[in-house]
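> below are the sequence and a predicted model; questions follow.
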There are 4 protein chains.
Amino acid sequence: MSSSIGNLFRLTTFGESHGSSIGGIIDGCPSGFSIDLKSLQQYLDRRRPGASSIVSQRKEFDEVEILSGVFEGKSLGTPIGFLIKNIDQKSKDYDALKSVYRPSHADFTYDKKYGVRDYRGGGRSSARETANWVVAGAIAAQILKTKGIVVCSFVSSVGGVDISEDYVNLDLDAVYKNEVRCPCAKSAKLMQAVIKKCRDNGDTVGGCVSTVVKGVPFGLGEPVFNKFQAGISRAIMSINACKGISFGSGFSSSTKTGSMENDEFILNSGAVSTKTNNSGGVQGGITNGQDVYFHAAFKPVSTLMQSQNTVTADCKEIAFTAAGRHDPCVVPRAVCVVESLTAIVILDYYLLNKTTKISEL
Amino acid sequence: MSSSIGNLFRLTTFGESHGSSIGGIIDGCPSGFSIDLKSLQQYLDRRRPGASSIVSQRKEFDEVEILSGVFEGKSLGTPIGFLIKNIDQKSKDYDALKSVYRPSHADFTYDKKYGVRDYRGGGRSSARETANWVVAGAIAAQILKTKGIVVCSFVSSVGGVDISEDYVNLDLDAVYKNEVRCPCAKSAKLMQAVIKKCRDNGDTVGGCVSTVVKGVPFGLGEPVFNKFQAGISRAIMSINACKGISFGSGFSSSTKTGSMENDEFILNSGAVSTKTNNSGGVQGGITNGQDVYFHAAFKPVSTLMQSQNTVTADCKEIAFTAAGRHDPCVVPRAVCVVESLTAIVILDYYLLNKTTKISEL
Amino acid sequence: MSSSIGNLFRLTTFGESHGSSIGGIIDGCPSGFSIDLKSLQQYLDRRRPGASSIVSQRKEFDEVEILSGVFEGKSLGTPIGFLIKNIDQKSKDYDALKSVYRPSHADFTYDKKYGVRDYRGGGRSSARETANWVVAGAIAAQILKTKGIVVCSFVSSVGGVDISEDYVNLDLDAVYKNEVRCPCAKSAKLMQAVIKKCRDNGDTVGGCVSTVVKGVPFGLGEPVFNKFQAGISRAIMSINACKGISFGSGFSSSTKTGSMENDEFILNSGAVSTKTNNSGGVQGGITNGQDVYFHAAFKPVSTLMQSQNTVTADCKEIAFTAAGRHDPCVVPRAVCVVESLTAIVILDYYLLNKTTKISEL
Amino acid sequence: MSSSIGNLFRLTTFGESHGSSIGGIIDGCPSGFSIDLKSLQQYLDRRRPGASSIVSQRKEFDEVEILSGVFEGKSLGTPIGFLIKNIDQKSKDYDALKSVYRPSHADFTYDKKYGVRDYRGGGRSSARETANWVVAGAIAAQILKTKGIVVCSFVSSVGGVDISEDYVNLDLDAVYKNEVRCPCAKSAKLMQAVIKKCRDNGDTVGGCVSTVVKGVPFGLGEPVFNKFQAGISRAIMSINACKGISFGSGFSSSTKTGSMENDEFILNSGAVSTKTNNSGGVQGGITNGQDVYFHAAFKPVSTLMQSQNTVTADCKEIAFTAAGRHDPCVVPRAVCVVESLTAIVILDYYLLNKTTKISEL
C-alpha cells in the first residue's frame, strides 16, 4: 500500500531510476474529462533535468505514454496506466556505488530494510520517481482548474536568501520567468548566484518552496485523521529531501499570542471572510474558503562533487567523491512536484467532500 | 475512513466534547500482550486538564473503560473498544456560541462542511478527542518499550522562549519535573512566566513540542508514500493547533550547503553509524538506527478572555468575549498527545516491517 | 483493518460475547440525516434471541446507546459511536469450555492464531457481534429508503424445504408474519416443523436466506476488484455459518447454455430494461437498474445438545455435550443480518458512485 | 481503490482489451525472493486463448515484461511494475458494437455509469484483464510454494456434467492432461463433447471451477470482516462471469443437520485434526490446518454466434449476432485465474498473520 496516495483519486507508482521505465496507475479519475495531453507533457517538462544552467545536465526526455483509461481524448473512469521510459541511464556511472553508502543517501537504509538493493543511481529512492507524481498531478490540476482551483508553488528561499514579501504582494504569474522559479526577480538573481557558487564548489544548497492555492472552496478536509493539512503534509513530506512543512504563519505562530494570531471573521460583500489569514486557509482541518498556503523546507542535495568520508557495505571506512550529473539545488525542479502532490491531494478531498451532506446526495 | 489512523495497528475514534462520552477501537493490537492498565490510566492523566496552574481548570477525570479485546490482563488480538465518559460538561457555558463563529475556531468550517453542528464546546473539533489518542498511544508505547523503543516528547519553546541546548545535552527524565514539561529547568521557569502573563491578560500563547525517539531499529518506514517522516507528519499535523512539523535539522537545513548538512557514515564499535544526525534518524523515508527527532509548532489557543470581532451564522458582525475554562497555552498538555501519536505510528511501521524480507517470513 | 467494512460509509466494531458490551463506530454517515432511533431499535429487535419459540431463549435486550455523531436528532457527519451492553451473560455456562475445542466452532482456530482466547461463549467469534452490524445496517437502510432503495431478505430454505416460487411471485411484506421469516406461509409451516423436530432431538439445521433489493439505480459497483457482487459477497460471507453465496441464477447458471441464460435487453416504456433477470441485476460488476437478488447458504448451528467427540487444548480426546441456550436454526435471526450488511454495502457503493462522472461533480 | 486487491501483497491493475497494453503494479512483494520468470510466463500461457480447440482462437502472445522491482533475478521489495502488450486486437471487429448493448454484457452498465465507453471488445470489462491477475498470482504461488502451500484449481462441472468423485480421490496432477482441465479423464471427455456441441451451435455453456489448497497452516484469516472465506469470495466473485462461490460442503450444508455437518476434532499422530472437512478448512474465518476447498460457478459466455434481440444506445430494438473469436466455454481458461486470485489472497493473509502474536514479533 506504500506506493499509493489518495483515497478516491488514487495514484500508485513503480520504478527504479535505472530500470527500463517508471510509471503508474491513476485510479478513480472521474470519467468524461477531456485530458489535455500536450499540456500534460509541457507540465512534466518543467520537472525535467537539463532544462537550465542550474540543474542537473542529465538528458531525460520524460515522454509520458498513456496506456489506458483515456479513449478518444476523454477519461473513461477506468484506471489510467502510464509509462515514462528511462533513456539516458548511464548505469556505469554507478558501478562504483555498488558497495558504498553515500552520506545522507538511502543506500544504507534500503540495504538494511530490504537486504537487497538496486545500487544504480538510487533505484527506487531516486527523485526520478517524482516524474510519476507530476503526471498524476498535471491531470488533477487540469480537473481542479475547471472548478476554479489553482495551485501555484514557487521557490521562496535558497541557502538563506528569502523572499521578504508577503505572498499576496507577489506576481505569481512570474514564477517561470527565471531559472530559479522565484516570482521575485530580485531575490531570484541572488538565489541563482548562491546556487552557482555552490555548484562551482562541488557543493549543493537547500531551499524552500512555498505554495498558494486559490479558489479552494470551504469544506475540503476530513477530520480527525484526514484533516486538510494532515493530508497535504503526508504528501509533501514524501518528497525526497523535504525536511519540514508549515501552514500559514507556521513556526512563527508558536512565538505569538492568541490576540496577535487569531483570524477574526469579517463580512466581505456579505460573505463570511477573515481579516487576516494566519491559519493558511484551514480551520479544524477543513478549508475555510480563504487562500491555502504552506511552506516546505528542502535540505541540500546529498550528492556532492567533493570528497566525503563514509563506510562501505562490508564495513570499511573510505573517502568518497561522487561522479555523475547532479543538481546543485533541487528546489527549482521541486516546484512542480510540490504543485503536483498538492493537486492530487486537493482533488481527492474535493471528491470525498461530494459525499458529505445528505441534502446533496 | 477519516476517523482512523494506522494500517496494521489501527485506531478509530468517535466523540464530541459534550456528548455522553468519547472513545475508540484499537484494531490489530498484537495478541498476548499484558497491558498495564494502571500505567495506561496514569499516562492518560498527563493530558488531563486541571492538573496544574497553567492549564484549563476544567475537571475531567478521564477514566478509561476497556470494553473488549483484553481478557485476564492480556490482549486477545481482537479489537480493543474503550470509552471515556464526559462528566464535567457545562454545556450551558456554550449556549451563547450557538450562532457565533469564534475566530480561528472550527465553528464556521464545520457549519459549512456538514450543514449542521454540535455547537457545545467545539463538538468533534474539540481537543478533547485527543484523550482517545492517548489511550491508544499508551498501549503502543508499552509494546514499543518491550522492543527497546522509547518515545519522549517535551516542550522546547513557548512564546519565543526556546531551549537553546541541543537535545543530546538535555535530561529527558526531567520533563515531568515542572508544569511546563520542559526538561530545562531554567527555560521552564521563563516559559511559565510567559504563560502566566498571557493568562492574566486573558490572552494565550503558542509553543513548540520536540520529540526524541530512542532505540528505533533501522528499517522502519515504507517508501514512497508511507515514508517514516510522512506517516509521522500526517499524525502530528492532525493535532489541534499544530501548524508545522520538521525533522532533524528541519527548516534550517534549507539555508545550508550539502557539505555542512550531510551526515557522514562512520563505524561505531564496528557498526555503521553517522557522525552527525541532521537527518533526524531517517534517510529515504526509512529509519537508519540513529535517534529519531522532530519538532512541532503549535499556535496559541484560539479561545481568548478578551473581546474579539467576529460574525454570526446569520451574518451579523459582533464583538465576542469567551467564557468557560480554557488553556492559556496548550503545549504542556500536548506533550503526551505528540508522544502518543508517535508511538501509534511507530508501532504500525514496526508491524509493517515484519513482512518485508522473504528470509524472515 | 479487519474489524472494518465499507469505504466511505464505514463500520468498525468491537466486542466479545461475554465482555461488558459490544459496539461500533460508523464513520462517514452523511450529515443532516434524521435518524429514526425508535425504528432503529425495532429493527435491532428482529435479531434478538428469545423472540420466538424456534430461536435461542437467551434474554438480551440489545438496547443500543448512541454515544456521538447525532445531535438534536440529526447525523452530524462525524463518527457515530454506539454501544450494546451484554446483560444476560451466563459466563458460568462456559466454564466447562475453557479447554474444549467444540466441533466446527472457532475455539481451536482462535487459540492457534492468537495464542490466547476468551473462552466464554465464543468471545469475538460469537454471532452476538452481528448485533453491531444491524445497528449500522438499520441506519444505512433508512438512508437508502429515502433514495427509493429497499432491501428485503427472507428465509427461502430450511433443511431442504425450499420455497418453490420465483421471488417475483412472493409477497415480500409477509416475511415477518411468521416465526421462520419466510414469505410463503405454506413453506414456513413445513420449515417450522423441521426446526422444532431438530430442536427436540438436540440437533440443529441449516437453511438459506434470499435477498431482493428493489429500486437499485444503475451504476452501483466499482470494477474490477470492488464489483457490486464482490463487495456483497465479502460482506455476506463474513456472517457466521455462511457457507456460500450466489447471484441471480447462481450455481444453476453453470449448467446452462448462453442462449438460455442471457438476459436480452428490451425497451420498457422507452427505458432500457431486460426481458429476464438471470444476472441478478448486475452486469460487469455494475448494477443495471433491475432487481438485485442473491442467495446465501447457512450451515446448521454447530452447538448441539447431543454428545460429540472432540479434543481438548491439552490434546485429550473426549465426548462433549453442550449446555446453554442455543438456536436450533440460525436463519430466521440471520435475515436481518443479511439485510443489514447488504444495506451497508449498497450505501457505500451509492456514495462511491457520486464521484464518478466529471459532469456531476 | 477499486482496481486494487490485497492489503500487504497488493495488486493494482489497468488496461482495456483494445488499448495498447494492459498491466499492473504489485506492491508489497517480499524482498530477496528469486522470481522464476520463465515459469511465470509458462503459467501465464495457461490462460492464453488459442491454446486448444475448445477456447477462443484469438492470438494473444501475452508476453509479460517486468519493468521494475526485480534486480539481478531477485525481488527488491519495491513495487513490481509489469506490462502485457495487446497485439492481436482486431478492433474493426468491434465497430459494429459502438452503439449496441450486447445481452448480458457490460456495455450498458459501463455506458450508464461512466457516460463514456471504450466499445472495442469490452474495454475494461473484458476478461483480458485477468491476464494481469495471473502475473501477480504466479509470483504469489511461487512464494507460497516455498512455504509448502499449493493451490490447485480444476474444472469440476460443465453444462451439468459433474465430476462425481470427492476431491480427495482425484489425481490433481492430471488437471492439465486434457483441454478441459478436469482431473477426471472420463468426465473431461463428456465435458469436451458438451463444449464442442455448444460451439457448433454458436452457443456457449457454463461450468464450475473447484479449488483445493494444500499445506495451508492454521491461523490465516482476519475476523470479523476479513475472514478467510470473505477475502477469497471477494476475489473470486470479481472474475468475469462468476455467479457464485461456496466453501466446503457449501449450499448442501443448508439442507443438513448439525450432527451430519459438524467436523469432529480428532488426534492425528498427536496433532489436532478433524474427522471430516465439511468446513472446507476454515472455522470462524480462520484456517484450521486442513485442506481449504471451495467451488465457483461460472455462467455461460455471453457472446453468442446466434441472433439475439437487444437494444441500442439510442433506444432502438434490434436483432444482433456477434462476430469475432470467442470462447464457447470459459472455465478451462478460468482455472488459472481462480488459482491466481487464490494465491494472491492467501499470500496476503500469510503476511498479515505474521504480525499477530506479540511473542512472534
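Sure, I can see it.

> just give the number of residues close to A:N132.
Counted by other C-beta atoms under 10 Å in any protein chain shown, the residues lying close to A:N132 total 27. Glycine gets a C-beta too; all of them are placed from N, C-alpha and C.

> helix/strand/coil for it?
At A:N132 the chain is in helix, as set by DSSP: H, G, I helix; E, B strand; the rest coil.

> residue contacts, the closest residue to chain C within the stretch 101-250 of chain A?
Using C-beta to the nearest C-beta, A:I143 is the residue of the stretch 101-250 of chain A that sits closest to chain C, at 7.1 Å. By C-beta atoms under 8 Å, 6 or more residues apart in numbering or on different chains, the contact list for A:I143 reads A:29-30, A:33, A:347, C:358.

> pretty sure it sits in a strand.
No: looking at A:I143 with three-state DSSP, it is helix, so not inside a strand.

> would you map the strands across the stretch 51-200 of chain A?
According to DSSP state E, counting those that start in this stretch, the stretch 51-200 of chain A carries its strands in the segments A:64-66, A:70-71, A:74-75, A:80-85, A:100-101, A:150-158, A:161-162.

> could I get the ones you listed as TSV with distance to chain D and mean neighbour count?
Formatted as TSV, those follow (distance: least, C-beta to the nearest C-beta, whole Å; neighbours: other C-beta atoms under 10 Å in any protein chain shown):
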stretch	distance to chain D	mean neighbour count
strand A:64-66	8	18
strand A:70-71	4	21
strand A:74-75	5	20
strand A:80-85	3	24
strand A:100-101	17	24
strand A:150-158	24	25
strand A:161-162	37	20
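
> tell me which of those sits nearest to D:S3.
strand A:80-85 (9.6 Å; C-beta to C-beta).

> name the surrounding residues that touch the closest one.
With C-beta under 8 Å, 6+ apart as the test, strand A:80-85 has contacts from A:15, A:20-26, A:29, A:62-70, A:131-132, A:135, A:139, D:14-15, D:21-23, D:67, D:83.

> again, but for stretch A:113-121
Outside stretch A:113-121, the residues within contact range by C-beta under 8 Å, 6+ apart are A:16-19, A:89, A:91, A:93-94, A:97-99, A:107, A:110-111, A:123-124, A:128, A:324, B:218-219, B:221, B:286, B:353, B:356-357, B:359, D:31-32, D:71, D:74-78.

> re the thing from before, quick one: which of the contacts of A:I143 is most hemmed in?
Going by other C-beta under 10 Å, A:L347 tops the contacts of A:I143 with 28 neighbours.

> that residue and A:A140 touch, don't they?
Yes: proximity of A:L347 to A:A140 meets the contact threshold set by C-beta atoms under 8 Å, at 4.2 Å.

> ok, the nearest residue to A:Y94 once chain neighbours are set aside - how many residues close by?
Nearest residue to A:Y94 in three dimensions, chain neighbours excluded: A:R120, at 4.4 Å (C-beta to C-beta, 6 or more residues apart in numbering or on different chains). Neighbour count for A:R120, taken as other C-beta under 10 Å: 21.

> now swap in the one 3 residues further on and tell me
Using other C-beta under 10 Å as the criterion, A:G123 is surrounded by 27 other residues.

> confidence score at the closest residue to it other than its chain neighbours?
Among residues not flanking A:G123 along the chain, A:E16 sits closest, at 4.3 Å (C-beta to C-beta, 6+ apart). Listed pLDDT for A:E16 reads 96.

> separation between A:E16 and A:Y94?
Between A:E16 and A:Y94 the distance is 11 Å, computed by C-beta to C-beta, to the nearest Å.

> same question for A:D263.
Distance, A:D263 to A:Y94, by C-beta to C-beta: 50 Å.

> who's more crowded, the two?
Remark: of A:D263 and A:Y94, A:D263 carries more neighbours, 25 against 20, as counted by other C-beta under 10 Å.

> check whatever residue of the stretch 51-200 of chain A ends up closest to chain B and give its pLDDT.
Residue nearest to chain B within the stretch 51-200 of chain A (C-beta to the nearest C-beta): A:A106, separated by 2.3 Å. pLDDT for A:A106: 96.

> what residues does it make contact with?
By C-beta under 8 Å, 6+ apart, A:A106 lies in contact with A:122, A:125, B:223, B:283-286.

> now do 6 Å
A:125, B:283-284 (C-beta atoms under 6 Å, 6 or more residues apart in numbering or on different chains).

> please apply the same query to A:V282.
Counting by C-beta under 6 Å, 6+ apart, A:V282 touches A:228-229.

> ok, it to chain D distance?
According to C-beta to the nearest C-beta, to the nearest Å, A:V282 and chain D sit 25 Å apart.

> before we move on, what about A:T287?
Look at A:T287 and chain D: by C-beta to the nearest C-beta, they are 23 Å apart.

> tally up the residues packed near that residue, please.
Residues contacting A:T287 under the criterion other C-beta under 10 Å number 27.

> correct me if wrong: it contacts A:E222.
No: A:T287 is beyond contact range of A:E222, at 11.1 Å (criterion: C-beta atoms under 6 Å).

> looking at the contacts of A:I143, which is nearest C:C336?
C:C336 lies nearest to A:P30 out of these, by C-beta to C-beta, at 36.2 Å.

> what pLDDT does the model give A:H326?
Per-residue pLDDT puts A:H326 at 81.

> that one: neighbour count?
Look at A:H326: counted by other C-beta under 10 Å, it has 20 neighbours.

> tell me the secondary structure at it.
A:H326 - assigned by three-state DSSP - is coil.

> need the phi and psi values for the closest residue to A:E317 other than its chain neighbours.
Once flanking residues are discounted, A:E317 sits nearest to A:V311: 5.4 Å by C-beta to C-beta, 6+ apart. When read as degrees, to the nearest 10, the backbone of A:V311 gives phi -130, psi 160.

> give me the neighbour count for A:D291.
16.

> check it and give its pLDDT.
You'll see A:D291 listed with a pLDDT of 98.

> same check, this time on A:E60
Looking at A:E60, its pLDDT stands at 69.

> same question, the one 5 residues further on
Note on A:E65: pLDDT of 97.

> how close does it sit to chain C?
A:E65 is 22 Å from chain C, where distance means C-beta to the nearest C-beta.

> can you check A:V292 too?
A:V292 sits 19 Å away from chain C, going by C-beta to the nearest C-beta.

> touching, that residue and A:S279? I think so.
No: using C-beta under 6 Å, A:V292 is not in contact with A:S279, being 9.5 Å away.

> which bits of chain A sit near chain C?
Within chain A, the positions near chain C by C-beta under 6 Å from any C-beta of the partner chain are A:8, A:30-33, A:77, A:351, A:354-359.

> of these, which belong to helices?
Taking DSSP state H, the ones among the residues of chain A next to chain C that sit in helices are A:L351.

> neighbour-wise, which one of the residues of chain A next to chain C leads?
Per-residue neighbour counts (other C-beta under 10 Å) across the residues of chain A next to chain C peak at A:G77, which has 26 neighbours.

> my read is A:T310 is in a strand, agree?
Yes: with three-state DSSP as the criterion, A:T310 is assigned to a strand.

> helix, strand or coil: sort out A:V272 for me.
Recorded secondary structure, A:V272: strand (three-state DSSP).

> OK, contacts around it?
By C-beta under 6 Å, 6+ apart, the residues touching A:V272 are A:265, B:311.

> and it, what are its bridge partners?
Note on A:V272: beta-bridge partners A:L267, judged by DSSP bridges.
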